[in-house]
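Q: I would like the atomic coordinates for the input below:
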Amino acid sequence: MRFYDNHTHSHFSPDSRMNLAQSLEKAASIPLAGISITDHLDIDAPGSKDFFIFDPAKQQKEINQYTTIYPNLKIFKGIEVGLQECCIEKIKEFTSKYRFDTVIASLHFIDNVDPYYGEYYIGKSKSQAYGRAYEVMHKCIIEYGDFDILGHFDYIARYAPYEARDISYREFGDALDPILKFLAEEGKALEINTNTYRERNGYTPQLDLEILRRFKELGGEAISLGSDAHEPWRIAENFEKYTPIIEDCGFKWLVHFEKRKPVFNKIEQ
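A: A predicted model of the protein is given here:
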């Protein structure tokens, strides 16, 4: 099947290592059915308040320039909103000024600390570190609400220092259930972010399929695939690997969003 990559970053994201032309050229060459450009919005990011803020109007104007160049590739205008308890109202005010196809809600910072640099984990057990992340995530997605996809629910595992970084339903089911239940009841998508399941420092986290099965059991229907690509070679990375896994967990469709409306695409092997 031809895939939709619902989570990618262009040069409008300061940590991206590809421009829009590079990402679209790669997407067209695969070929993908569609790609969503979901650049970072992290208001009041620790250390640099304005570092992860971009101008959606400029991004969308540049995207428009490519629609005729790639007539067989659907190009969607998106944003990845980084949620923090301290600035939900600021986020709402910012995003209300623009129209998007895809809005991803993600957790990048916890208690004003970025897990990417490792400081967040100091003095915390795995249970404490992950448990606090899911507590904040649950609170923020309820308070914000205006999103389509929950981005990388497993982000907290990427940079963790623990011997076993995996997030298992057996260990964290009590923390995950309220999040999965909210997504299912509100018709929002759970993202399988293939960037999480890459080797880092000699360890590759594994996706616990019980989390997907529990989402399905709670009534969840929408599964989104996102590469979280910041460089061209990662666009749609491992989508072929995870599609049959998603199907084996009971899902028959993958979802992408057009003008904030879900479009379901039947999984075809």
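
Q: Glu85 reaches Lys139, doesn't it?
A: Yes. If you go by C-beta atoms under 8 Å, Glu85 and Lys139 touch, sitting 6.5 Å apart. For glycine as for every other residue, the C-beta is placed from the backbone atoms N, C-alpha and C.

Q: count the residues that sit near Arg17.
A: For Arg17, the count of nearby residues is 13 (other C-beta atoms under 10 Å).

Q: show the pLDDT at the closest residue to it other than its chain neighbours.
A: Distances taken as C-beta to C-beta, 6 or more residues apart in numbering place Glu231 nearest to Arg17, at 4.5 Å, with adjacent residues excluded. For Glu231, the model assigns a pLDDT of 97.

Q: ditto for Phe51
A: Predicted confidence (pLDDT) for Phe51: 83.

Q: could you give the number of residues near it?
A: That count, for Phe51 with other C-beta under 10 Å as the rule, works out to 12.

Q: distance check, Ile35 against Ile223.
A: 17 Å (C-beta to C-beta, to the nearest Å).

Q: between the two, who's got more neighbours?
A: Ile35 (29 against 25).

Q: check contacts around that one.
A: Tyr4, Asp5, Thr8, Ser23, Leu24, Ala27, Leu73, Lys74, Ile75, Phe76, Ile235 (C-beta atoms under 8 Å, 6 or more residues apart in numbering).

Q: and it, how far from Tyr197?
A: For Ile35, the distance to Tyr197 - C-beta to C-beta - is 20 Å.

Q: now do Val81
A: 23 Å.

Q: Ala160 against Ala129, yeah?
A: Yes. Applying C-beta under 8 Å as the test, Ala160 and Ala129 come out as touching, 6.8 Å apart.

Q: any shared contact partners between these two?
A: Tyr121.

Q: which of those two has more residues huddled nearby?
A: Here Ala160 and Ala129 are compared on neighbour count by other C-beta under 10 Å; more neighbours surround Ala160, at 24 against 20.

Q: what's the nearest residue to that one once chain neighbours are set aside sitting at in phi/psi?
A: If the residues on either side of it in the chain are set aside, Ala160 comes closest to Tyr121, at 6.0 Å by C-beta to C-beta, 6+ apart. Tyr121 adopts backbone torsions of phi -80, psi -10, taken as degrees, to the nearest 10.

Q: what sits against Tyr121?
A: Neighbours of Tyr121 in contact, by C-beta under 8 Å, 6+ apart: Pro115, Ala129, Ala160, Pro161, Tyr162.

Q: ok, now with 10 Å
A: The contact partners of Tyr121, taken as C-beta atoms under 10 Å, 6 or more residues apart in numbering, are Val113, Pro115, Gln128, Ala129, Tyr130, Ile156, Tyr159, Ala160, Pro161, Tyr162.

Q: who does the first one form a beta bridge with?
A: When assigned by DSSP bridges, Val113 has beta-bridge partners Ile110.

Q: circling back to that earlier point, now, which of the contacts of Ile35 sits nearest Phe94?
A: The closest of those to Phe94 turns out to be Phe76 (C-beta to C-beta; 19.1 Å).

Q: can you tell me how far that closest one is from Gly219?
A: Phe76 is 26 Å from Gly219, by C-beta to C-beta.

Q: more neighbours: which of these two?
A: Phe76 (21 against 12).

Q: tell me the SS of that one?
A: Of the three states, Phe76 takes strand under DSSP: H, G, I helix; E, B strand; the rest coil.

Q: and the pLDDT for it?
A: For Phe76, pLDDT reads 98.

Q: let's have the chain start at 844 instead
A: Shifting the count to begin at 844 puts that one at Phe919.

Q: what sits against it?
A: Listed by C-beta under 10 Å, 6+ apart, the contact partners of Phe919 are 847-849, 851, 877-881, 906, 943-945, 1099-1102.
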